[in-house]
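# fold the following for me, if possible:
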Amino acid sequence: MDTTSVLALAQRRAGHAQQAAETFERVLLWTESNDAETLELPVKWFLIGFEIFSQLGNGGRTVFDSHAQRCLQAAHTLLQARAGRLHDERLRERYLTDVPFNRELMALWAGRSMTLPF
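Predicted coordinates:
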């Protein structure tokens, strides 16, 4: 699935948002029956999925908006579980703020629209 995520990212960067969304939907389907922790960088991949689906959504109730919400929720849940395993408060804070994609996720989570049901 890491390879599929990279393919979706490449498609998005090439301007093929619809194709990227179709590719990333395979990642979402895979995570329904597999542990996302087996991915190399699951938080990063879910953030990429969030960006892909958000680009196609309209901030409302489309399937793309729903997928974007699922990606953001999954990334946040994974990140919090990983951070929770760090017993040192300073280390946990650094993990959440010093790793670029973790920091990005925390900012997205903090600024999410209150009209979207997360």
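
# name the next helix or strand following the helix or strand where Gln80 lies along the chain.
Using DSSP states H and E, Gln80 sits in helix 63-84. Once the chain leaves helix 63-84, the next helix or strand it forms, by DSSP H and E, is helix 89-98.

# and that next one, how far from the chain's centre?
In terms of CA atoms, centre = their mean, to the nearest Å, the centre of helix 89-98 is set 19 Å apart from its chain centre.

# stretch 72-80 too?
The chain centroid and the centroid of stretch 72-80 are separated by 7 Å, computed with CA atoms, centre = their mean.

# please begin residue numbering at 20 from this point
With the count now opening at 20, the last piece we talked about shows up as stretch 91-99.

# give me the contact list for it.
Outside stretch 91-99, the residues that touch it by CB atoms under 8 Å, 6 or more residues apart in numbering are 50, 55-56, 61-62, 65-66, 69, 115, 121, 124-125, 127-128, 131, 137. Using the backbone N, CA and C atoms, a C-beta is placed for each residue, glycine as well.

# noted, bye for now.
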